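Engineer: Got a sequence here, can you model it:
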Amino acid sequence: MMLLIHPLAAIGRRTLALLAMLGNVTLFVIGAITHIFRPPFYGREFLNALLNIGWLSLPVVGMTAIFTGGALALQIYDGSSRFSAEAVVPQIVAIGMVRELGPVLVGLMVAARVTSSIAAEIATMKVTEQIDALTTLSTHPMKYLTAPRVLAALLVVPVLVGVGDIIGIYGGFLVATGQLGFNPANYIRNTADFLEASDVISSLIKGSAFGGIAAVMGCYFGMNSGRGAQGVGQATKSSVQAAAVLILAANFLLTSLFFAS
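Structural biologist: All right, here's what the predicted structure looks like:
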């Protein structure tokens, strides 16, 4: 009997811990959003977050997008040639980058670069008692550390997604016209004619959602990190893992919402 109870008890403990974490994250998200709209506003922290999340992420986003667009063009050409449908390469590259690959890849790159950075920074501040010092100085840590970063991510990641979409389509254009023999003017015309406003809007909305997830996970795990170097490392690792999983889950939900027939 005891052999049966112990595994069930372990499953119950893990389930309760997961539910407790989900509840804490939900309360953290609500707190972060409410602090965005309440004064005081820390403009310098907001501008620093814009620079870190947006401008400094452009190189990795650009490199990821251009190689992905080129590889996508090669794969689609090879697959469509089996059905003598090579002409669809521009359209499929465009819709694949704008609807799915662009937002998801940018979200994952932001999670890898920005979420880890935020979690490590805030966790280090907690370990060195800088967060306690903020509280002593009557500065709310949520408002000073979390709200500017979450707001910056919500605003700037859609811009990164738009740039990534353009660069990814351009990567497909370079491969298709330089290696696969497509006419440049026809390629651009087919791309422009096929994309719709709803595709672009859904891409930008996904970018905002993914940016918010990345920033919130970095702040949450940083604020709740353990003490010492091991706590900082664990917070950084857990934040990136949680952000990546939630981004992929949110992508499925948003895709179902926008495009399910």
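Engineer: hmm, who's touching stretch 140-147?
Structural biologist: 31-32, 35-36, 38, 40, 42, 45, 122, 125, 131, 134-135, 215-216, 219, 222-223 (Cβ atoms under 8 Å, 6 or more residues apart in numbering). The C-beta positions use only the backbone N, C-alpha and C, and glycine is treated the same way.
Engineer: can you check stretch 195-209 too?
Structural biologist: By Cβ under 8 Å, 6+ apart, stretch 195-209 touches 94-95, 98-99, 102-104, 106-107, 154-155, 157-162, 165, 250-251, 254, 258-259.
Engineer: Would you indicate which residues of it are buried?
Structural biologist: Residues of stretch 195-209 classed as buried: Leu195, Asp199, Ser202, Ser203, Leu204, Ile205, Lys206, Gly207, Ser208, Ala209 (neighbour count, 16 or more other Cβ atoms under 10 Å).
Engineer: And for the nearest residue to Leu151 once chain neighbours are set aside, the neighbour number?
Structural biologist: The shortest distance from Leu151 to any non-neighbouring residue, by Cβ to Cβ, 6 or more residues apart in numbering, is to Ile36 (5.1 Å). Residues lying near Ile36 (other Cβ atoms under 10 Å) number 16.
Engineer: hey, where'd the helices end up in the protein?
Structural biologist: 2-36, 43-53, 58-81, 89-96, 102-110, 116-127, 130-136, 141, 147-178, 184-194, 197-223, 228-259 (DSSP state H).
Engineer: Which residues outside the third one are in contact with it?
Structural biologist: Meaning helix 58-81. 86, 88-89, 92-93, 96-97, 101-102, 105-106, 109, 113, 160, 163-165, 167-176, 179-180.
Engineer: cool, the second one as well?
Structural biologist: The contact list for helix 43-53, computed with Cβ under 8 Å, 6+ apart, reads 110, 114, 117, 144-145, 148-149, 151-153, 155-157, 211, 215.
Engineer: hmm, 7 Å instead?
Structural biologist: The contact list for helix 43-53, computed with Cβ atoms under 7 Å, 6 or more residues apart in numbering, reads Val110, Val114, Tyr144, Pro148, Arg149, Leu151, Ala152, Ala153, Val156, Val157.
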